[in-house]
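Trainee: Here is a sequence with its predicted model. Questions after.
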Amino acid sequence: MLRKLLKYEIKATARLFLPLYLVLLVFAGINRMFSIIHFESFNDSAFGGITAGISMTVYITLMAGTFVMTLVVLIQRFYKNLLGDEGYLMFTLPVHSWKHILNKLIVSMIWVTSSGIVALLSVLILVPLDISLKEFLRQIRLFGIQLMDQFGVGVYLIGLETVFLSFLFLASGILMIYAAIALGHLFNKHKLLASFGMYIVLGTISKIFLSVYALSIGHFENIENVGTFFESQIAFFLVFIYVTVIAAVYFLLTQYILKKKLNLE
Amino acid sequence: MPWDLKSDRPIYTQLIEQIELMICSGIYALGTKLPSVRDLAQEAAVNPNTMQKALAKLEEDGLLYTNRTSGRFVTEDADIVKQVKGRLALSQINDFLKKMKNLGFQNKEIISMVENLLESKEDDYHEHNS
Amino acid sequence: MSTILECKNLTKKFGGKNALEAVDLNISRGRIVGLLGPNGSGKTTLIKLCNELLTPTSGEILIGGYHPGIKTKKIVAYLPENTYLNDWMKVSEIINFFKDFYTDFNSEKAFDMLKRLNIDPQDKLKTMSKGTKEKVQLILVMSREAQLYLLDEPIGGVDPAARDYILDTIISNYNENATVILSTHLISDIERILEDIIFIKEGQIVLTKTVDEIRDEEGKSVDALFREVFKC
């Protein structure tokens, strides 16, 4: 059933994201063209300057729009599809409520990640390749060598762990939004406003928890100056525990509300 | 024939009466097959269970019979239909008499009125055909 | 006759207020049942509880022997008052959606009904009128071969022709294994197709009888009795 949910969730969201990605990349290309033409003094003419200016503005707007839309869709798909009128359909499907949450979470993570990748791609298109890419790759190689010096072969593991933890952080961030929306749903009035308030409350609680966690484990502060491979592994493990606990609590809280406290309008 | 169901009497009894009437007036002739319960219920816009109950009662009375394989039929026994016809006629006449009594007519007056009416109708009938 | 829906001492509170109070019900298979009561009497609350859209404060519900959950959702077809259709699918896509999630969904039946109501399967849900959306929803629900149909105010907002079609669909869809429970406050329109009726008032069941029992004992229609019981 999760696979079927994913199929429809991706369909419902792809129709919004894919065209936007396409337009963003196209405008990055157009701007690139203007910058090439620039060398042939096209921009000297008033017309050329204005056109290039407008095109750049559109690109920047699109770039901002992509991130805003990623966030809006992430919230909307949970708020509207599950807690709005569509919830009457979704919650009477023979599907466990945790699968609904997992479904939304996975698809949101996919779009946040791809929005990031597409944005990066558009920058690479926009900025002249020869300079930027070479420099970029050189920087990465340098950073890699530096790490290799410090940790040895373990650097690959650390790389993997970093990616893994990033996704875990992303997941816990999204789950915090879901939990806030679910808590806001418990209010009779001003549910969106209540959700926003709940987001701040959850954020504060998470920070308090982090402080308590950090205090109770003295090693925790070492995380910022990790010297050896072994130390790095301990740091990763401690961060992993923290994020997992936070994410699990948000997930279970959301699940509990959807299952036991649901009250669709 | 449209189904005419009143809202203050049980639907079940009304269905029985109406089907009896349909059989007596020949809409469903002797020995013919009846539509399925569901079709009849749909036609009359009533609950299939209620229609089923009415048909079962008619079967019990001998006006219908079920052939296990091919469905439900009107009886081939003309006598039973005749009896039902007689019963329906009697109840109509009783209703009529009751109303006439309420209006204050005596038996003799009623008979002569009916006779007169029938004669004039007969005349009409002859005129039409001449 | 086996039971399809059973409520035992079912109570639902919102805040401190009782929306349903100690409801006991027992509904058999193969019936068409009218859940009748004025607005705010608890009809929708009862139906939502059966769909696990609400959780009982106390007491329990059994559908085909199970508490509301995955197992019951597989055998219950629910038509809510709200339009729950999204705005991005075509009719044919939502039909596939139902087919994907409900094993008892009969697409052929759905396309057949769409044709009879002159709805193009290629139409987008977004562009449809509210009335057409309601019809599509009814088609989706009635195209399932469910064991319990819970229809919340199915004839509330539709025109007389569509209303007749809905009643016709309910009758033609009848089978002795399935029960249809429909809630409404417009009784005279549906009285003829009902077998059992439940009167609900301020969260309590005040009467459960068959339509013919009422007519026989009271000498009046259910509609007339309803007006008497719920006189303001």
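Mentor: Thanks, I have the structure now.
Trainee: Would you list the phi and psi of the residue nearest the centre of chain C?
Mentor: The residue lying closest to the centre of chain C (Cα atoms, centre = their mean) is C:L151, at 1.6 Å. Torsion angles at C:L151 (phi, psi; degrees, to the nearest 10) stand at phi -110, psi 110.
Trainee: export stretch A:192-207 as CSV, just CAs?
Mentor: Coordinates of each C-alpha in stretch A:192-207 appear next as CSV, following Å, rounded to 0.1, in the frame of the first residue of the first chain:
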residue,chain,number,x,y,z
LEU,A,192,-2.9,27.4,10.8
LEU,A,193,-1.9,30.0,13.2
ALA,A,194,-1.9,27.4,16.0
SER,A,195,0.3,25.2,13.9
PHE,A,196,2.8,28.0,13.5
GLY,A,197,2.8,28.6,17.2
MET,A,198,3.3,24.9,17.8
TYR,A,199,6.2,24.9,15.4
ILE,A,200,7.9,27.5,17.6
VAL,A,201,7.0,25.5,20.8
LEU,A,202,8.4,22.3,19.3
GLY,A,203,11.6,24.1,18.2
THR,A,204,12.1,25.4,21.7
ILE,A,205,11.5,22.0,23.3
SER,A,206,14.0,20.4,20.8
LYS,A,207,16.6,23.0,21.8
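Trainee: buried set for it?
Mentor: By 16 or more other Cβ atoms under 10 Å in any protein chain shown, the buried positions in stretch A:192-207 come out as A:A194, A:S195, A:M198, A:Y199, A:L202, A:S206. To be clear about C-beta, it is placed using only N, CA and C from the backbone, and glycine gets the same treatment.
Trainee: what does stretch B:55-71 give?
Mentor: By 16+ other Cβ under 10 Å, the buried positions in stretch B:55-71 come out as B:L55, B:K57, B:L58, B:L63, B:L64.
Trainee: One more: stretch C:174-193?
Mentor: Neighbour-count burial for stretch C:174-193 [16+ other Cβ under 10 Å]: C:174, C:178-184, C:187, C:190-193.
Trainee: any chance of the buried residues of stretch A:192-207 in TSV, plus pLDDT and distance to C:N82?
Mentor: Shown next, in TSV, are these (pLDDT from 0 to 100; distance: Cβ to Cβ, whole Å):
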residue	pLDDT	distance to C:N82
A:A194	94	21
A:S195	94	21
A:M198	95	25
A:Y199	96	27
A:L202	95	29
A:S206	92	35
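Trainee: Just give me the closest of those to C:N9.
Mentor: A:A194 (33.3 Å; Cβ to Cβ).
Trainee: Could I get the full set of helices for the stretch 151-265 of chain A?
Mentor: Along the stretch 151-265 of chain A, counting by DSSP state H, counting those that start in this stretch, helices occupy A:155-185, A:191-216, A:229-260.
Trainee: my bad, should have said chain C
Mentor: Counting by DSSP state H, chain C has helices at residues C:43-50, C:70-73, C:91-101, C:107-116, C:130-142, C:160-172, C:211-218, C:222-229.
Trainee: One more: chain B?
Mentor: With DSSP H as the criterion, chain B has helices spanning B:11-24, B:37-44, B:48-60, B:78-102, B:107-129.
Trainee: Distance check, the residue nearest to the centre of chain C against chain A.
Mentor: 13 Å (Cβ to the nearest Cβ, to the nearest Å).
Trainee: Burial check on A:Q146, number of neighbours?
Mentor: By the measure other Cβ atoms under 10 Å in any protein chain shown, the count of residues near A:Q146 is 11.
Trainee: pull the helix or strand with minimum mean pLDDT from chain C.
Mentor: In chain C, no helix or strand scores lower on mean pLDDT, DSSP states H and E than helix C:160-172, which sits at a mean of 85.
Trainee: Was I right to think C:S172 contacts B:A45?
Mentor: No: counting by Cβ atoms under 8 Å, C:S172 does not reach B:A45; the two are 10.9 Å apart.
Trainee: Please list the residues of chain B that sit near chain A.
Mentor: Applying the criterion Cβ under 8 Å from any Cβ of the partner chain, no portion of chain B neighbours chain A.
Trainee: Which residues are in contact with the residue nearest in space to the middle of chain B?
Mentor: Most central in chain B under Cα atoms, centre = their mean is B:L21, positioned 2.0 Å from the mean C-alpha point. Contacts for B:L21 (Cβ atoms under 8 Å, 6 or more residues apart in numbering or on different chains) come out as B:L88.
Trainee: Mind doing that once more with 10 Å?
Mentor: B:L21 makes contacts with B:M1, B:I27, B:V84, B:K85, B:L88, as judged by Cβ atoms under 10 Å, 6 or more residues apart in numbering or on different chains.
Trainee: And the fourth one, how close does it get to B:D4?
Mentor: Taking Cβ to Cβ, to the nearest Å as the criterion, B:K85 is separated from B:D4 by 19 Å.
Trainee: quick one on the thing from earlier: so what angle separates the directions of the least confident helix or strand of chain C and helix B:37-44?
Mentor: Compare the direction of helix C:160-172 with that of helix B:37-44 by axes from the mean of the first three to the mean of the last three Cα atoms, to 10 degrees and you get 160 degrees.
Trainee: May I see the buried residues of helix C:160-172?
Mentor: Neighbour counts over helix C:160-172 (16+ other Cβ under 10 Å) mark C:A162, C:R163, C:Y165, C:I166, C:L167, C:T169, C:I170, C:I171 as buried.
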